[in-house]
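# I'll drop the sequence and a predicted model, then ask my questions.
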Amino acid sequence: MPVEIAALAPHPPIIIPEIGGGERKKVWQTVESMEELAGVFAREEVEVIVTISPHGPVFSDVVSSLHVSPLEGSFAPFGRPEINMTVEMEEELSEKIEKSMKSENLPFRKLREEDCRRYRITPGLDHGVLVPLFFLLEQGVDLPLVPINIGLLKYGELIEIGEALQRVFAEYPRRIGVIASGDLSHRLTTTAPAGYSPRGEEFDQKVMEIVKQGELSELKNLDPVLIEKAGECGLRPLLILAGILSGMDMASHVLSYEGPFGVGYGVAYFTPKDIPPPDLAREAVENFLENKEIMEPPRELSNFYRGMAGAFVSIKKQDGSLRGCIGTLEPTQENLAREIIRNAIQSAFKDPRFSPVSRSELQDLVFSVDIIHPPEPVESMDQLDHKEYGVIVEKGGQKGVLLPDLEGINSVEEQLEIARMKAGLTGVSDFLLKRFRVERFIQE
């Protein structure tokens, strides 16, 4: 499967409560962002974690991966040996990575127990892994791991390693989340651990802008002097991540950046871009016109589309006049993608108010999709807002529904009047009234 989520995560032990103590308040943005990031990993239902750390065994000529089971580590180097973690290794994925790297003749080395003895390496997880892992475990994300360590290779070689990892991940049957662990400049202030450089802030700004734009391969073009002056440890993990995400259409989400102790901490994550709901609706109609069949949803669905909800699909002409609108208040399909596809076809071809959409007019039509939140009963008119809430009126099997924030409807009274008319309840006052919110997507 392709990568479900990939992240940039800092690793200052000070954000661990027992280590940071009162100083943790000075990095509250980073703490909150790491908690949010762990929550995203949980929601994405990741099954395997791959970490990329700059603080494990680092070789000059290869990228390496620790292959011992179980994987263990503690914060003993930071005075807290009692804070320790143990996770299982994803052995099958680890073996597939090694096999792929050998077949492609890439500079990669697996570190088994005998290799650790040979190189006098303690086979434990470093804090570049442990800090992000702490937040994942706090959120109940206790998953098998493959820990990868950077190598002091050329930037292009690191990207090639990442591209090879992507190919392995794409064929792997479990959902993978990747964490590039790294701090940015260590020279932001005069009290910074690596001393001060005025170019540290410049480096961090450039990196975070590249992360925001989602163009990680641009990192290889940064000025070497700027990189040297910044005194960072996050660039190489990000370059490997650039290869892992190469060619993938990913959305970037920057959660925070701060540097209160003279070290830059950036938190961000990347997820596959969904086809926008209106585009999915249009594609369903185009496919039906072409093939006279209901199309299948995209093969890989995000959590958004895997969920279930009612949805209305509206089709309008360029002048804003309605061409079709049919939907469901509650889910009728196994996922939201199928709900939208079905309702798009109903709106285009089965709305009794209009003739079926033709191929010749399709290019001039605009699609919108309203995802319906669960309706809730309303006790008084004061609980309504025609801009914010849709309404449902019903009595004796008769029902009228009206979406919120519709052009030409300027009050709750107008909204209710039209809903009653659609239900055949004009003039009736003793009806059941519900309201609902929507998440509206309009085709650009």
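Right, received. Where do you want to start?
# which secondary element of this protein has the worst mean pLDDT?
For the chain, counting by mean pLDDT, DSSP states H and E, helix 303-306 ranks last in confidence among helices and strands (a mean of 83).
# quick check: mean pLDDT across the very next helix or strand once past that helix?
Toward the C-terminal end, the helix or strand that comes next after helix 303-306 (DSSP states H and E) is strand 310-317. Mean pLDDT, taken over the full extent of strand 310-317, equals 96.
# quick check: neighbours of strand 310-317 in the sheet, parallel or antiparallel?
In its sheet, strand 310-317 lies beside strand 322-327 (antiparallel), strand 365-372 (antiparallel), with partners assigned from DSSP bridges.
# for P237, find the nearest of those strands.
strand 365-372 (36.1 Å; C-beta to C-beta). All C-beta spots, glycine's among them, are computed from the backbone N, C-alpha and C.
# and the residue lying closest to R282 once chain neighbours are set aside, how many neighbours does it have?
Taking C-beta to C-beta, 6 or more residues apart in numbering as the measure, R282 lies nearest to F367, with 4.9 Å between them; neighbours along the chain are not counted. A total of 28 residues lie near F367 under the criterion other C-beta atoms under 10 Å.
# and the one 5 residues further on, by the same measure?
Counted with other C-beta under 10 Å, the burial measure for I372 works out to 22 neighbours.
# count the neighbours of the residue nearest to it when sequence neighbours are not counted for me.
Taking C-beta to C-beta, 6+ apart as the measure, I372 lies nearest to G310, with 3.8 Å between them; neighbours along the chain are not counted. G310 has 22 neighbouring residues, counting by other C-beta under 10 Å.
# picking up where we left off before, with distance to L165 and mean pLDDT as new columns, can the strands paired with strand 310-317 be given to me in a markdown table?
Rendered in a markdown table, the data for the strands paired with strand 310-317 read as follows (distance: least, C-beta to C-beta, whole Å; pLDDT from 0 to 100):
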| stretch | distance to L165 | mean pLDDT |
| --- | --- | --- |
| strand 322-327 | 42 | 96 |
| strand 365-372 | 35 | 96 |
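# for L66, which of those is the nearest?
Nearest of those to L66, taken as C-beta to C-beta: strand 365-372 at 43.3 Å.
# among the strands paired with strand 310-317, which is nearest P107?
Across the strands paired with strand 310-317, the minimum distance to P107, taken as C-beta to C-beta, is reached by strand 365-372, at 47.3 Å.
# from the middle of its chain, how far away would that closest one be?
Between the centre of strand 365-372 and the centre of its chain there are 23 Å (C-alpha atoms, centre = their mean, to the nearest Å).
# one more: stretch 41-54?
Between the mean C-alpha location of stretch 41-54 and the chain-wide mean there is a distance of 12 Å, by C-alpha atoms, centre = their mean.
# tell me the span between the first and last residue of that stretch.
From the first residue to the last, stretch 41-54 extends over 22 Å; the measure is C-alpha to C-alpha, to the nearest Å.
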